[in-house]
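A.B. asks: Predicted model follows, preceded by the sequence.
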Amino acid sequence: MFSKAYSAAIHGIDGVIVNVEADVSDGLPTFEMVGFLSSEVREAKERVRISIKNSGFRLSPKRITINLSPADLKKEGTAFDLPIAVTILSAFGYITQSNLEHTLIIGELSLNGQINPVNGVLPIVHSAKEQGFYRCIVPIANVKEGAVVSDIDVIGVNTLEQVVQYLNNDKYIEPEYVDIDSLFQNQMMQSANDFSDVTGQESTKRAILVAVSGMHNILMIGPPGSGKTMLSKRIPSIMPELSFDESMEISKVYSVAGLLDNNHALVLERPFRAPHHTITTSALAGGGKVPRPGEISLASRGVLFLDELPEFNKNTLEILRQPLEDKSITIARLNATYSYPTAFMLVAAMNPCNCGYYPDRKRCNCSINEVKRYLGKVSMPLMDRVDICSETYSVNYKDLEKKENSVSSLELRKEVKRVREIQLERYKNEKFNFNSLLTPQLMNTYCGLERSEKKLLEDVFDKLNLTARAYHKILKVARTIADLDDSERIKRIHLSEAISYRSIDKKYWGE
Amino acid sequence: MECTEKEYQYWLYSINGIGIKKVAALLDNYNCAKEVFDASENSLKKIGKLNEKDVKAILYRRDIELVKRNYEKLHRKGIHFIIKEEKEYPSRLKHIYDSPNALYVRGKLPKEDEVTISIVGARNCSEYGKELAKYFASEMAKCGIGIISGLARGIDSFSHMGALKSGGITYGILGCGIDWCYPAENISLYMEMIEKGGVISEYGPGISPKPGLFPMRNRIISGMSDGILVVEAKEKSGSLITVDMGLEQGKNVYAIPGKITDPLSTGCNNLIKMGAKLVTNPIEIIDDYIYSKKKIEIQGKNFDNLLETYEKIVYANLSLEPKHLNEIIDETKLDINIVVDTLLSLELKSYVKEVTRNYYSLTLVP
């Protein structure tokens, strides 16, 4: 008897439909599996046979052949256990073949017939819907994650026996339902981190507001304990709420990485990823034999926070250059290339010197050379992609006592949204929608300066020995500041503020 | 081939491991450097101060052609070799204890009637020290005073820079071979000083910087100068060695006071307690040396040139100690936009500088 069911494999962050075919015929009793399988799929053979036996089905000694097609796609992971078991049972006549139509099945089997969770349910269900499937059978532990996709029935199952009963219409299982609107609603209520928790550092807060508004990457320099990490953690709280599409995009990445479960069916908050500085290149960028999304993809649509920037391996940081510009990373392997989104905002923090207190000479005894050497550890090509640089200072007791001026995240978020809308409107005919993505060619169009402003910039250029790159960054940031001020024209005050944010210049560090 | 006595002296002073004391012992036994050159091994061994290694070094270096060649090389490099007996040798140095037998000079030496002041201080100085070193050096140099320092990091470098900035003359005393620029980052300063002032060392070419050599050069710094100004020094600072030597040599000592809680000013404050002259204005030093000559008016920063009100408010809030932008905003109660804009215009007018990102301090010398 021949039988066929549908399953899916993960490719990047998309699901690819895989046909699972089984044939049972007379001959020597063997169990063959073909179809470009990786070793974990090959091992499914034992799991499937024993869990079928332990679920109370008897297989008579026959020649069983399994084929997973398309045969040129490498099949990885354990999600094929359940569809293989189902097709075998169908081929033996335990399940009516016609009931397998329009049904996508994924799940890992235990020896006792239990169904274990798998990674990547969300993208698989998503592509199932797009391919016109009516229902998906997924492990019960993944059911919420799958159910966020609307217009498709997602059935959570616990045991193989249950699956057979369900497919034979002996037992009805209610499709899972997730109220996405209420999920989003609840999320907005509870945001643990608020900007008003941070006292002092007004100038850095302002720099962060500018950075988030125009999606500029930011570097914070300051002594230990001055609140760099605290401020960074609160950056997602002032970014606009995630839209459903954005949330789906990130959730897919998280699903593939196995970071979703029934309590977090969907990523609802903007991600904040803070990898430790010992991180390897492939953990940051994504990779491995079977590529997995790295930290930069997990931070997509959110914040990638690199604390102690100079301590990171230089080669590790170098790989950030391309994703920062392309907003996606492509990882090539022998048999496929995988693409992950990397639309993150880079937030970096570092101390000004080894001991962390320069220029406070009462506490810092580093020589100018040591300070320069410390700074030199930071990759300059990476610094070129950082538009805003702000220095935090050690807060004193007076600042801690003072509470009145702190603005809340909610107010700041309102500002950010307003500025982002201005940008959306301005760049509606362009391929991008943030000031940070302005190219030097387009600056003439969008960042025109009046004569007096040009004169100021010229003076500053000579006095502070700026580079051409610094010049462009200043213009981009000034554009955002002017937008914050609701001014179409870039005025002197906008420029001077942008100049105060210009990123560190090695030459001028401590002279 | 014959050598002149000066060349023999050059030979004697450039033998590795033979310092001032050993040279003195040798010259006590023989009449001149030529006789040392010709002395037999046995007679050299009889001199108590010399060990076997020294004798070997002397014998090994006895190559008249090599001496000639090296001596010519000195000249080609523009290095003057001046021995104590010559009249070019600074008379101020002749009378100090342990005065060097010979000097290597690139550029020029201070004239006999030129007033020279040495400025010394910490290597890891603060912005306060840096600005004051530059300011005092540039103002004194304007009045024709030669500024002497050690070409080290920190106060030394900034004093040289200050003097050069106002078009004055400055001399650097090295603690290593005359052709070594240590620290290497001062190379442009070193080259500029050769051109406009002088670089002086008692060590010949090729002597690498060693910790032991630096305190020795302090006696030359103090010996060559008429007064010593200490800008910033910790309680146990190398600059205080220079002061001690200067006191032995009978020089004036000046110190710039600092906060009593500031470790970088402890050394200076202690000097003042012990009787060093407290100075708050370069004119107080200049007055001690230049009486009749027409004094050049010292141009301090004129506060009245600041026209805008905001500029005055922000300027008044700043000091020589770097202040963070947030503190300025807090204290002036002005808007962040205005403060940043005002700071920029002050920076463009060279009243203020940004020390590191978002830290600002006043500047005395543009």
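C.D. replies: Here it is on my side, so go on.

A.B. asks: all helices of the stretch 1-150 of chain A, in order?
C.D. replies: A:39-42, A:44-54, A:81-91, A:121-130, A:143-147 (DSSP state H, counting those that start in this stretch).

A.B. asks: among the ones you listed, which is nearest chain B?
C.D. replies: Evaluated with Cβ to the nearest Cβ, those place helix A:121-130 nearest to chain B, the distance being 42.7 Å. Every C-beta, even on glycine, is put in place using the N, C-alpha and C of the backbone.

A.B. asks: buried residues in that closest one?
C.D. replies: By 16 or more other Cβ atoms under 10 Å in any protein chain shown, the buried positions in helix A:121-130 come out as A:Val121, A:Leu122, A:Pro123, A:Ile124, A:Val125, A:His126, A:Ser127, A:Ala128, A:Lys129.

A.B. asks: just stretch B:13-22 next, same as before
C.D. replies: Under the neighbour-count criterion of 16+ other Cβ under 10 Å, stretch B:13-22 has B:Tyr13, B:Ser14, B:Ile15, B:Ile18, B:Lys22 buried.

A.B. asks: what residues does it touch?
C.D. replies: Here stretch B:13-22 makes contact (Cβ atoms under 8 Å, 6 or more residues apart in numbering or on different chains) with B:12, B:23, B:26, B:49-50, B:53-54, B:57-58, B:61, B:70, B:98, B:100-102, B:204.

A.B. asks: picking up where we left off before, mind listing which of the buried residues of stretch B:13-22 are in helices?
C.D. replies: Taking DSSP state H as the definition of helices, those contribute B:Tyr13, B:Lys22.

A.B. asks: Tabulate the buried residues of stretch B:13-22 in JSON lines, adding columns for pLDDT and distance to B:Phe37.
C.D. replies: Shown next, in JSON lines, are the buried residues of stretch B:13-22 (pLDDT from 0 to 100; distance: Cβ to Cβ, whole Å):
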{"residue": "B:Tyr13", "pLDDT": "84", "distance to B:Phe37": "12"}
{"residue": "B:Ser14", "pLDDT": "83", "distance to B:Phe37": "12"}
{"residue": "B:Ile15", "pLDDT": "83", "distance to B:Phe37": "11"}
{"residue": "B:Ile18", "pLDDT": "81", "distance to B:Phe37": "13"}
{"residue": "B:Lys22", "pLDDT": "83", "distance to B:Phe37": "15"}
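
A.B. asks: Most widely separated two among the buried residues of stretch B:13-22?
C.D. replies: Using Cβ to Cβ, these span at most 12.9 Å, a distance reached by B:Ser14 and B:Lys22.

A.B. asks: Mind exporting the C-alpha coordinates of stretch A:472-492 to PDB?
C.D. replies: Output of stretch A:472-492 as PDB, limited to C-alpha atoms (Å, rounded to 0.1, in the frame of the first residue of the first chain):
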ATOM      1  CA  HIS A 472      27.800  63.300   6.700                       C
ATOM      2  CA  LYS A 473      27.000  61.900  10.000                       C
ATOM      3  CA  ILE A 474      26.500  65.300  11.500                       C
ATOM      4  CA  LEU A 475      24.100  66.200   8.700                       C
ATOM      5  CA  LYS A 476      22.100  63.000   9.100                       C
ATOM      6  CA  VAL A 477      21.800  63.500  12.900                       C
ATOM      7  CA  ALA A 478      21.000  67.200  12.400                       C
ATOM      8  CA  ARG A 479      18.200  66.100  10.100                       C
ATOM      9  CA  THR A 480      16.700  64.000  12.900                       C
ATOM     10  CA  ILE A 481      17.100  66.700  15.500                       C
ATOM     11  CA  ALA A 482      15.300  69.200  13.200                       C
ATOM     12  CA  ASP A 483      12.500  66.600  12.800                       C
ATOM     13  CA  LEU A 484      12.300  66.300  16.600                       C
ATOM     14  CA  ASP A 485      11.900  70.100  16.600                       C
ATOM     15  CA  ASP A 486       9.300  69.900  13.900                       C
ATOM     16  CA  SER A 487      11.300  72.100  11.600                       C
ATOM     17  CA  GLU A 488      11.700  71.400   7.900                       C
ATOM     18  CA  ARG A 489      14.800  73.600   7.800                       C
ATOM     19  CA  ILE A 490      18.000  72.500   9.600                       C
ATOM     20  CA  LYS A 491      18.900  75.400  11.900                       C
ATOM     21  CA  ARG A 492      22.000  76.300  13.700                       C
END
